[in-house]
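Visitor: sequence and predicted structure, then a few things I'm wondering about:
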6 protein chains.
Amino acid sequence: MLYLTRRERFNAAHKLYNPAWSIEKNETVFGKCSNANWHGHNYDLYITVKGEPDPDTGFLMNVKELSYIIKTTVLDKVDHRNLNLDVDFMQGIIPSTENLAKAIWQQLFPYITDCKLHCVKIYETENIYVEYFGE
Amino acid sequence: MLYLTRRERFNAAHKLYNPAWSIEKNETVFGKCSNANWHGHNYDLYITVKGEPDPDTGFLMNVKELSYIIKTTVLDKVDHRNLNLDVDFMQGIIPSTENLAKAIWQQLFPYITDCKLHCVKIYETENIYVEYFGE
Amino acid sequence: MLYLTRRERFNAAHKLYNPAWSIEKNETVFGKCSNANWHGHNYDLYITVKGEPDPDTGFLMNVKELSYIIKTTVLDKVDHRNLNLDVDFMQGIIPSTENLAKAIWQQLFPYITDCKLHCVKIYETENIYVEYFGE
Amino acid sequence: MLYLTRRERFNAAHKLYNPAWSIEKNETVFGKCSNANWHGHNYDLYITVKGEPDPDTGFLMNVKELSYIIKTTVLDKVDHRNLNLDVDFMQGIIPSTENLAKAIWQQLFPYITDCKLHCVKIYETENIYVEYFGE
Amino acid sequence: MLYLTRRERFNAAHKLYNPAWSIEKNETVFGKCSNANWHGHNYDLYITVKGEPDPDTGFLMNVKELSYIIKTTVLDKVDHRNLNLDVDFMQGIIPSTENLAKAIWQQLFPYITDCKLHCVKIYETENIYVEYFGE
Amino acid sequence: MLYLTRRERFNAAHKLYNPAWSIEKNETVFGKCSNANWHGHNYDLYITVKGEPDPDTGFLMNVKELSYIIKTTVLDKVDHRNLNLDVDFMQGIIPSTENLAKAIWQQLFPYITDCKLHCVKIYETENIYVEYFGE
């Protein structure tokens, strides 16, 4: 078993806001992350797949194909977008890094067929990241 | 003459949009950076000052004081904010990294009095940065 | 199950020295790391917790709270300190990165109550790091 | 159980090419990575070992000894070399990062005797890495 | 005057070898960098241009256009290539980082017309880089 | 004119303390940097030289020779040392990063003879660096 990881990047706006709560409670819980006019991040996304390399290529998976799957199922929907307003797979979900990692797993999972999706890791800043292993 | 640099970071939303233009022209020129619902970045800010060290301290300037000036004149206004909507010193200015660097210079300049402000450098992504030397 | 990691940093002095050994044996085993007058490092500390996100916030744990726990139980005791002389929780322990990781785990463990402490990872230099998972 | 990781670096040339295939098929599968005249990389190698620290030293393993083993069994053979032509332990193997990780594991395994080899991780570029855990 | 920098990356093989010298002299001067079967690097390229921002866009130059110029005049010729054998603009030139920086300047210079080319900076490894300012 | 930069690293202990002042005044000015029992840093040192490349080698200066000069005149004296107590060229000097940069310039200057020393740049942490150009 080998593990292959591809890093991709995207830039997006978001805010942390629970619509069931008052503005005051949102500010108490989320602080400046709930600013009404949004803020944003350069997100670093690390996608890890696992499996056995193909003897003919030495590849677990062609990394260009992995990159293409990430682009079409995730980056095209989130890059230079607003995670609260513009992204179909985040509708009704608070765009915390935790929820984003789980949602990106759901996006990628059906398309990783030759080997297995192992981990979605997202850096929100250089000091904060989340990992999700699908269960 | 010595040069001292302090890095600070902030996260903000913005869009590139010229209000004198049609939506179509904005899309042609700015591409996805003009997305109506904003996008955002983790900005890395490097502020360089120059001068002679104080013989009693070995400091060009106390880096905590420099950090405090950057915080109160810049970070408190831009961090977790929308550069188009929330920032007094960016009103009426397209928030390109170039314009942002010049505006941050104007913010800092009056408060760097013991030594001289030398450079404002901003990374918008790991692949793009702008430097401004004040003239 | 999700994993959330927070990076913090501290700067400290230390030396590697076994008081049961002669100076010569310490030099043989630890080399320049045993220099009598100390040396030091910028330590990078990565603390990972695991659990399920709260549906109301999307947070595994509020990262500001995690940061506060790290600050009060670890950073306030080690930052700009001497690991051999100044740190109560390192008394009588050779301050190798391995021992430091275990001791920091012990400091943090009682305070991570809403989710579970998963990993303490410490970079001593850009080329050396240690991970401890608590068992 | 603790985990200790040492980073080392090497610079090498290679190409991805299956000699059982035509030039055309190699180009279709491997793209520009099959360029006849080679290309190259700065490889970052992370070697992780696991075990219990020695009470007398606080060390899982002396990191200088680990570094020496990596140097003599791996770096001396691959650094500033051609992975297809110059490296005895890569003969007959397509030098994908996956195959390289497995081969480096085989090189290191017999020499890590005081503790256990846990992981070989190789970055081919800042965006691609492979991990191998030996099974 | 503002300065805008774009980072690009390429992976290439090369060797350092003066054909006027014996193999022995090449080895004495260039060491393992003269290995007959090549080695290679991940090169990081930073291209800086200078000028005044356009009031309509806030841009010194559209960074996508700068990226396109770098791609067509430099990256398409060097990426996944052999700097000694495959690159027209390096024919007859020892591919040291110094010579590479000067040659890339010559490639770019005619195409940077709206503003001025200021600096070509190349990292050969994380520990070595060269800068050229055109004179 | 080309500029060649070599990065080296060292780990050292120090404290900021003016012996002409009381402990209280030292604490007021230097804060926790004046802790009696020292703290320390991983220092990153960037040495830049300038000149014309040798036509026979393409080198401004052999980077191994530059590295050797840095090692023998600087690193051997500061690495794993105490900057206040152990370093001959820092005797009687407050080891601020500013003073350290100037002192390292004095150490290197006599030995850079084939080309010219251009800049000494030191990172004390990832957020603070100082540059000195010799005048």
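Guide: Yep, that arrived.
Visitor: residues contacting whatever residue of chain A ends up closest to chain D?
Guide: Per C-beta to the nearest C-beta, residue A:58 is where chain A lies closest to chain D, at 3.2 Å. Heads up, the C-betas are built off the backbone N, CA and C, glycines and all. Taking C-beta atoms under 8 Å, 6 or more residues apart in numbering or on different chains, we find residue A:58 in contact with D:16, D:93, D:94, D:95, D:96, D:98, D:99.
Visitor: okay, the residue nearest to residue A:46 when sequence neighbours are not counted and residue C:49: tell me how far apart.
Guide: Excluding the flanking residues, the one nearest residue A:46 by C-beta to C-beta, 6 or more residues apart in numbering or on different chains is residue A:121, at 4.0 Å. For residue A:121, the distance to residue C:49 (C-beta to C-beta, to the nearest Å) stands at 15 Å.
Visitor: for the residue lying farthest from the centre of chain A, give me its contacts.
Guide: The C-alpha centroid of chain A is most remote from residue A:56, which lies 31.7 Å away (C-alpha atoms, centre = their mean). Residues counted as contacts of residue A:56 (C-beta under 8 Å, 6+ apart) are D:18, D:20, D:21.
Visitor: switch the cut-off to 7 Å
Guide: Contact analysis of residue A:56 by C-beta atoms under 7 Å, 6 or more residues apart in numbering or on different chains lists residue D:18.
Visitor: swap in residue A:15?
Guide: Counting by C-beta under 7 Å, 6+ apart, residue A:15 makes contact with A:33, A:34, A:35, A:38, A:39, A:84.
Visitor: what is the subsequent helix or strand relative to the longest helix along chain A?
Guide: Taking DSSP state H as the assignment, the helix of chain A that covers the most residues is helix A:97-108. Remark: after helix A:97-108, the chain's next helix or strand is strand A:116-125, criterion DSSP states H and E.
Visitor: what lines up beside the following helix or strand past that following strand in the sheet?
Guide: Downstream of strand A:116-125, the first helix or strand assigned by DSSP H and E is strand A:128-132. Sheet pairing for strand A:128-132, assigned by DSSP bridges, gives strand A:116-125 (antiparallel), strand C:2-14 (antiparallel).
Visitor: identify all contacting residues around strand A:128-132.
Guide: So strand A:128-132 is contacted by A:97-98, A:101-102, A:105, A:119-123, C:2-6, C:63 (C-beta under 7 Å, 6+ apart).
Visitor: which among those count as buried?
Guide: Buried by 16 or more other C-beta atoms under 10 Å in any protein chain shown: A:97-98, A:101-102, A:105, A:119-123, C:2-6, C:63, out of the contacts of strand A:128-132.
Visitor: max pairwise distance over the residues you listed: which two?
Guide: Using C-beta to C-beta, the two most remote members of the buried ones among the contacts of strand A:128-132 are A:105 and C:6, lying 21.4 Å apart.
Visitor: residue E:25: which of the contacts of strand A:128-132 is nearest?
Guide: Looking across the contacts of strand A:128-132 and measuring by C-beta to C-beta, the closest to residue E:25 is residue A:123, at 48.6 Å.
Visitor: the residue of chain A found nearest chain B in helix, strand or coil?
Guide: Across chain A, no residue is closer to chain B than residue A:40, which sits at 0.8 Å (C-beta to the nearest C-beta). Assigned with DSSP: H, G, I helix; E, B strand; the rest coil, residue A:40 falls in the strand class.
Visitor: and it, how many neighbours?
Guide: Per other C-beta atoms under 10 Å in any protein chain shown, the neighbour tally for residue A:40 reads 28.
Visitor: surely it touches residue B:39?
Guide: Yes - applying C-beta atoms under 7 Å, one finds residue A:40 in contact with residue B:39, separated by 5.8 Å.
Visitor: any residues in contact with both of these two?
Guide: Residues touching both residue A:40 and residue B:39 by C-beta under 7 Å, 6+ apart: A:11, A:12, A:13, B:13.
Visitor: out of those, the closest to chain E would be?
Guide: Within the shared contacts of residue A:40 and residue B:39, the smallest distance to chain E is 13.1 Å, found for residue A:11 (C-beta to the nearest C-beta).
Visitor: unless I'm mixing things up, the closest one is touching residue B:42, no?
Guide: No - look at residue A:11 against residue B:42 with C-beta under 7 Å: they stay out of range, at 8.6 Å.
Visitor: who touches both of these two?
Guide: residue A:42.
Visitor: hmm, back to that, how far off centre is the longest helix of chain A?
Guide: 5 Å (C-alpha atoms, centre = their mean, to the nearest Å).
Visitor: show me the contact partners of it.
Guide: A:47, A:69-70, A:73-74, A:83, A:89-90, A:93, A:117, A:120, A:122, A:124, A:128, A:130, A:132, A:134, C:2, C:4, C:53, C:58-60.
Visitor: what are the buried residues along stretch A:124-135?
Guide: Of the residues in stretch A:124-135, A:124, A:125, A:128, A:129, A:130, A:131, A:132 count as buried by neighbour count, 16+ other C-beta under 10 Å.
Visitor: rewinding a little: buried subset of the contacts of residue A:58 as a ChimeraX selection?
Guide: To isolate the buried subset of the contacts of residue A:58 in ChimeraX, counting by 16+ other C-beta under 10 Å, use the following:
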select /D:16,94,95,96,98,99
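Visitor: need the contacts of residue A:58 in TSV (columns: pLDDT).
Guide: Formatted as TSV, those follow (pLDDT from 0 to 100):
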residue	pLDDT
D:16	98
D:93	98
D:94	98
D:95	98
D:96	98
D:98	98
D:99	98
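Visitor: what's across from residue A:125 in the sheet?
Guide: On the basis of DSSP bridges, residue A:125 is bridged to residue A:128.
Visitor: list the contacts of it.
Guide: Per C-beta under 7 Å, 6+ apart, neighbours of residue A:125: A:41, B:11, B:42.
Visitor: and for residue A:75?
Guide: Contacts for residue A:75 (C-beta under 7 Å, 6+ apart) come out as A:8, A:10.
Visitor: that one - that's part of a strand, no?
Guide: No - in this structure, residue A:75 is helix, not part of a strand, as judged by three-state DSSP.
Visitor: what's the separation between the residue of chain A found nearest chain F and chain E?
Guide: Of all residues in chain A, residue A:126 sits closest to chain F, at 9.0 Å by C-beta to the nearest C-beta. Counting by C-beta to the nearest C-beta, to the nearest Å, the gap from residue A:126 to chain E is 17 Å.
Visitor: next one: that residue from residue B:42, what distance?
Guide: Taking C-beta to C-beta, one finds residue A:126 at 8 Å from residue B:42.
Visitor: of the contacts of residue A:15, grab the buried ones for ChimeraX.
Guide: To isolate the buried ones among those in ChimeraX, judged by 16+ other C-beta under 10 Å, type:
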select /A:33,34,35,38,39,84
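Visitor: nearest to residue F:112 among the contacts of residue A:15?
Guide: Proximity of those to residue F:112 (C-beta to C-beta) peaks at residue A:39, which lies at 46.9 Å.
Visitor: ok, the closest one touching residue B:13?
Guide: Yes - here residue A:39 reaches residue B:13: they are 5.1 Å apart, a contact under C-beta under 7 Å.
Visitor: which residues do these two both contact?
Guide: Residues touching both residue A:39 and residue B:13 comprise A:13, B:40, with contact defined as C-beta under 7 Å, 6+ apart.
Visitor: lovely, talk soon.
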